[in-house]
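>>> Pasting the sequence and the predicted coordinates here, then a few questions.
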Amino acid sequence: MGMSERAEPGDLLAQARWLRALAGSLLREPAEADDAVQETWLAALRRPPAMRESLRPWLTTVLRNLVRSQRRADRHRSDRERRASEAPIPAPSPEELLAQHEELRTVAAMVSALGEPCTNRRLAALCRIARDGYGVLWHDGNAACDYPSFPGDTQCSN
C-alpha cells in the first residue's frame, strides 16, 4: 500500500464498531453519539483520509472536533436561551416616552438650525447625545450657534 493511497469506504466501515464505542464514551446520550458518528462518516466521505494505516487517529480527531464544536454550539444556544428568558426591560411610561420625544424634537431642531462649517462635528455630537440618552443639552456661551461646543470645535459662523 503506497503513501498516497486513500482510504476506501470499506476500510472506513470496518471501523464502525470502534467509532461508535468512541462516540459513546465522549457523549452521554446515545442519539447524540449516533449523530456524531454520522457526521464523522460524512466528513470521511467528503475528504477521505490519505492513508489507510492512519484511519483511527484521523477518525478520532474528526469525531473529537465534531463533539467539541457541538458542545460549543450547545453552550452558545443555552446562553442565548437564558438571556431571552430573563425578565424583559419594562416598557417606558407615557411620561418617559413624552420626555424622550421632546428631547428628540429639541435635537432635531438644533440640527436643523446648524450651518456650515460646524454641521458635521456638532451633528455627530448631537446624535451621540440623543443616542446615549443624556437628556441634557447644555449651553456654553457659544452665542453664535447657541449649541454646545466640543473639544477641537471652532466657533460657528452662522
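Right, received. Where do you want to start?
>>> Mind jotting down where the strands sit in the protein?
Here the chain has no strands by DSSP state E.
>>> And the lowest mean pLDDT element among the helices and strands of it?
Lowest mean confidence among the helices and strands of the chain (mean pLDDT, DSSP states H and E): helix 119-132, at a mean of 64.
>>> care to break the protein down by domain?
For the chain, automatic domain parsing gives the domain ranges 9-85, 88-158.
>>> Name the spans of this protein whose pLDDT lies under the cut-off.
Scanning the chain for pLDDT under 70 picks out 1-4, 52-53, 111, 114-158.
>>> In terms of secondary structure, what does the lengthiest helix in the chain contact?
Counting by DSSP state H, the longest helix found in the chain is helix 55-85. Helix 55-85 sits against helix 9-13, helix 16-26, helix 30-46, with contacts defined as 3 or more Cβ pairs under 8 Å, 6 or more residues apart in numbering; DSSP states H and E. Every residue, glycine included, has its C-beta placed from N, CA and C.
>>> So for Ala99, which of those sits nearest?
Closest to Ala99 of the helices and strands packed on helix 55-85 is helix 30-46 (Cβ to Cβ; 52.1 Å).
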